[in-house]
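> Got a predicted structure plus its sequence, pasted below:
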Amino acid sequence: MSKLFYAILLGLVGAGIVHIVILLLIPAFSERDAWSRLEKSGPTYSFVKTVTDDDTVQTIKSADPLFESAACRFDLRNGPVRILGTGTVPFWSVSVYDRRGQNLYSFNDRIATGGVLDLLIVNPAQILELRKDPPPEIVSAVIAETEIEEGVVVLRSFMPDSSWSRHVQNYINQAVCETF
Amino acid sequence: MLKTIFLTALTLLIAIGGGAASVWYALNRIDGLGALSVGVWVAFPAAGTPYADPYSKARIAREAALPLGAAEGLSFIAREDTGGGKLSRNCTYRIEGRVPAARFWTIYAGDDSLDPIPQSAGRTGGLHSRQILRQNDGSFLVTISTHPSEGNWLPIAGTGAMALLMTLYDTPIASNSGVEQFELPQVLKVACDE
């Protein structure tokens, strides 16, 4: 009897360990995370709509129905990434996430010069290089320094009503995500 | 001999089965730690940041969520009305009160997994602060119902459970949560269909 009791007790301790191990491994091994889903729906360095046009497939769970959003995967090992927007919309915001979907950096149109989206994502080595000899075209850019390699940048834009729909979709479609 | 095998198998069964089941339960059934509650509204300011708890990180990995950053906004979720009853799409609710400082806010109804409830053609799935009518004192009233309603009407469709999501964009609350006291609107049940 005491052996049975001992086995159950050992099992419960084991269950605690298994619980912690599974919990900590999920973010690293998940094949359902935002990165994996975006990988299936588009190449790196291109903005992929987070909800498809017919509203059936959600690439990532973000879904304020009054927003249009798109995500672009990048890899800083290929050089800094530049995000550019043209035109104006009532509100836009940008977030930089790491490979596991942790938000590292976010800003909105009030922070940008003149409300224009111009973001440069760099790692510490690249920022040193840029400071030595800053190219004139990045003077007005917002510079986000991170220590990640792979990441996702998400651009969200507010659509106050359906008359804005085409304008806001154009804004998202014309947004550029490229290596600098 | 047989007894040893049985006991070993039992131990392993409890350890692996119990461990996996408890993780599944924690991720699917429990709402998470680090919640910021204001009345019936709950937000998770740390979700999706490096400071989030392991459960929140695991949930984000499984749901493919990319939560709003501090400079973008903060989402509040309500699954119950102010009286304590679960929100249902069969009922009509009235949201009234004030919202803390923000550039604007949106409100929409979602299903159990917080995806927006599909709307019939021509209807937008949410309301925002720049389109609603207000009372003289700056407070507002929104009616949530499957039936058309005067004033600010947030249409819903279908039956079953419902959650309300109110998102404040570009708000100081997102970056100093807990420091200042603020209020969010009440969710009052008006009536239910048979």
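It's in. Numbering: from 1, shown residues only, chains lettered A, B, ... in the order given.

> for the chain, what spans make up the helices?
This is for chain A. Taking DSSP state H as the criterion, chain A carries its helices at A:2-29, A:34-41, A:124-132, A:165-174.

> other chain: chain B
B:2-12, B:18-29, B:54-63.

> Give me the helices and strands touching the first one, please.
Applying 3 or more Cβ pairs under 8 Å, 6 or more residues apart in numbering or on different chains; DSSP states H and E, one finds that helix B:2-12 contacts helix A:2-29. Where you see a C-beta, it was placed from the backbone N, CA and C, and this is true even at glycine.

> partner residues bridging A:Lys49?
Here A:Lys49 sits in beta bridges with A:Ala70, as judged by DSSP bridges.

> hang on, I meant B:Leu154
In beta-bridge terms (that is, DSSP bridges), B:Leu154 pairs with B:Ile144.

> residues touching it, list them.
B:107-109, B:126-127, B:142-145 (Cβ atoms under 8 Å, 6 or more residues apart in numbering or on different chains).

> any idea of the pLDDT on it?
As predicted, B:Leu154 sits at a pLDDT of 89.

> What distance do you get for it to B:Gln119?
According to Cβ to Cβ, to the nearest Å, B:Leu154 and B:Gln119 sit 10 Å apart.

> Could you dump the helices of chain A into JSON lines with mean pLDDT and mean neighbour count added?
Listed next are the helices of chain A as JSON lines, based on pLDDT from 0 to 100; neighbours: other Cβ atoms under 10 Å in any protein chain shown:
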{"stretch": "helix A:2-29", "mean pLDDT": "90", "mean neighbour count": "15"}
{"stretch": "helix A:34-41", "mean pLDDT": "83", "mean neighbour count": "18"}
{"stretch": "helix A:124-132", "mean pLDDT": "87", "mean neighbour count": "12"}
{"stretch": "helix A:165-174", "mean pLDDT": "88", "mean neighbour count": "16"}
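
> got these as CSV, with distance to B:Leu2 columns?
Formatted as CSV, those follow (distance: least, Cβ to Cβ, whole Å):
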stretch, distance to B:Leu2
helix A:2-29, 13
helix A:34-41, 45
helix A:124-132, 62
helix A:165-174, 66
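
> Quick check: the gap between the most centrally placed residue in chain B and chain A.
Geometric centre of chain B, nearest residue: B:Ile77, 2.3 Å, by Cα atoms, centre = their mean. Between B:Ile77 and chain A the computed distance is 12 Å (Cβ to the nearest Cβ, to the nearest Å).

> Might you report the residue contacts of that residue?
B:41-43, B:114, B:163-165.

> Recalculate using a threshold of 7 Å.
B:41-42, B:114, B:163, B:165 (Cβ atoms under 7 Å, 6 or more residues apart in numbering or on different chains).

> Check B:Gln181 too.
So B:Gln181 contacts nothing (Cβ under 7 Å, 6+ apart).

> Can you list the low-confidence ranges for chain B?
Applying pLDDT under 70 to chain B picks out residues B:31-32, B:120-124, B:176-180.

> returning to what we had before: what would the contacts of B:Ile77 look like in a markdown table with neighbour count?
Shown next, in a markdown table, are the contacts of B:Ile77 (neighbours: other Cβ atoms under 10 Å in any protein chain shown):
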| residue | neighbour count |
| --- | --- |
| B:Trp41 | 21 |
| B:Val42 | 17 |
| B:Leu114 | 18 |
| B:Ala163 | 19 |
| B:Leu165 | 20 |
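
> I'd like these written out as TSV, with distance to chain A added.
Converted to TSV, the contacts of B:Ile77 look like this (distance: Cβ to the nearest Cβ, whole Å):
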residue	distance to chain A
B:Trp41	16
B:Val42	17
B:Leu114	8
B:Ala163	12
B:Leu165	8
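
> Relative to B:Ala9, which of the helices of chain A is closest?
helix A:2-29 (9.1 Å; Cβ to Cβ).

> For B:Asp111, which non-adjacent residue is spatially closest?
Distances taken as Cβ to Cβ, 6 or more residues apart in numbering or on different chains place B:Ile117 nearest to B:Asp111, at 5.9 Å, with adjacent residues excluded.

> circling back to that earlier point, so which of the helices of chain B has the densest surroundings on average?
helix B:54-63 (a mean of 21; mean count of other Cβ atoms under 10 Å in any protein chain shown).

> What distance do you get for the most far-flung residue of chain B relative to its centre to B:Leu12?
The outermost residue of chain B, judged against the average C-alpha position, is B:Met1 (53.8 Å), by Cα atoms, centre = their mean. Using Cβ to Cβ, B:Met1 is found at 17 Å from B:Leu12.
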